[in-house]
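Trainee: output the structure for:
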Amino acid sequence: MEYINDTMESIAEQPLGVQDHESTLHESVGDTMKRDLRMIGLKLFHVLCPHGKGPTALRDWDLWGPLLFCSTLSLILTSAVGTSGSQGAVFSLVFLVIFVGSVGVTLNAKLVGAKASFFQCLCVLGYCVFPLVIAALVIWILPKDTPGLYVITIALSAAGLFWATWATVPFFGSMVDSSRKPLVVYPVFLFYIFLAILVMGAAPSPDATNPTIPTPTPSSSI
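Mentor: I've put the predicted structure just below:
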């Protein structure tokens, strides 16, 4: 009985949904997509509800989820710009900020001595962008005449910022000594602060959506 319990505990400690030496060469495209979506859902669950198995699940890295969430955030912020000619620049800016920021935070974690691979850190940072994606989506769909729109925008951006940081801390905190944990968490916090500032740009602008059209004054006839 003790052997069975020990075996079940060892299985629970393995990355979720992954079988060792599993060959996927003969797997159909549909099965591959279902497996990838299931893994994205499992990692997303651990981001939204961080608990004991979160760092273990996120060690099984992939870049499909981060690519999906970063693209979604870029599209939301691009749509918030409207029909101006700067949409391409906004999309590129968001992608560049996420890529450069993730690489910088990952290199800092490796220099501090994090016991995680480069792609594992990128995976965690990309998945933890999801709370900010939700905040940007809610801000974007808010009507422009919502009472206290800017207060709501700031509150949602702050909630996404702290949730993203809260989901990241268990993974990075378990990779380094407790004395070095602030050296890893602080750059992560700065990274998500910059993204939260970009998320605030998803708020509808009354001036941009309803431009003031001057009323022509009729000239008096002589």
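Trainee: show me what contacts the spatially most central residue of the chain?
Mentor: Geometric centre of the chain, nearest residue: Val129, 1.0 Å, by CA atoms, centre = their mean. For Val129, the contacting residues are Pro66, Phe69, Cys70, Leu73, Ile98, Ala164, Leu195, by CB atoms under 8 Å, 6 or more residues apart in numbering. In this view, the C-beta of every residue, glycine as well, is placed from N, C-alpha and C.
Trainee: what about these, which are in helices?
Mentor: Pro66, Phe69, Cys70, Leu73, Ile98, Ala164, Leu195 (DSSP state H).
Trainee: what is the nearest of the residues you listed to Ser86?
Mentor: Leu73 (16.7 Å; CB to CB).
Trainee: how many residues are close by that closest one?
Mentor: 27 (other CB atoms under 10 Å).
Trainee: can you tell me the helix or strand for the closest residue to Thr72 other than its chain neighbours?
Mentor: Nearest non-adjacent residue to Thr72, counting by CB to CB, 6 or more residues apart in numbering: Val133, 5.4 Å away. Assigning secondary structure by DSSP states H and E places Val133 in helix 130-141.
Trainee: could I get the ones in helices among the contacts of Val129 as CSV with pLDDT and distance to His46?
Mentor: Below are those laid out as CSV (pLDDT from 0 to 100; distance: CB to CB, whole Å):
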residue, pLDDT, distance to His46
Pro66, 89, 14
Phe69, 91, 14
Cys70, 91, 18
Leu73, 91, 20
Ile98, 89, 20
Ala164, 92, 13
Leu195, 92, 20
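Trainee: which of those residues sits closest to Pro204?
Mentor: Leu73 (17.0 Å).
Trainee: circling back to that earlier point, adding distance to Leu122, write the contacts of Val129 out as JSON lines.
Mentor: As requested, the contacts of Val129 are arranged in JSON lines below (distance: CB to CB, whole Å):
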{"residue": "Pro66", "distance to Leu122": "7"}
{"residue": "Phe69", "distance to Leu122": "12"}
{"residue": "Cys70", "distance to Leu122": "11"}
{"residue": "Leu73", "distance to Leu122": "16"}
{"residue": "Ile98", "distance to Leu122": "10"}
{"residue": "Ala164", "distance to Leu122": "15"}
{"residue": "Leu195", "distance to Leu122": "15"}
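Trainee: ok, those residues vs Thr146, which is closest?
Mentor: Leu73 (21.3 Å).
Trainee: and the pLDDT for Leu203?
Mentor: Just to correct that, residue 203 is Ala rather than Leu. On pLDDT, Ala203 comes in at 79.
Trainee: without its sequence neighbours, what residue ends up closest to it?
Mentor: Nearest non-adjacent residue to Ala203 (CB to CB, 6+ apart): Thr153, at 4.4 Å.
Trainee: tell me which element that neighbour is part of?
Mentor: helix 149-173.
Trainee: quick check: angle from that helix to helix 130-141?
Mentor: Orientation note: helix 149-173 sits at an angle of 170 degrees relative to helix 130-141 (axes from the mean of the first three to the mean of the last three CA atoms, to 10 degrees).
Trainee: could you say what helices and strands helix 149-173 packs with?
Mentor: helix 29-48, helix 54-59, helix 118-127, helix 130-141, helix 181-199 (3 or more CB pairs under 8 Å, 6 or more residues apart in numbering; DSSP states H and E).
Trainee: which residues are contacting stretch 98-105?
Mentor: Against stretch 98-105 from outside (CB under 8 Å, 6+ apart): 66, 70, 73, 121-122, 125-126, 129, 187-188, 191, 194-195.
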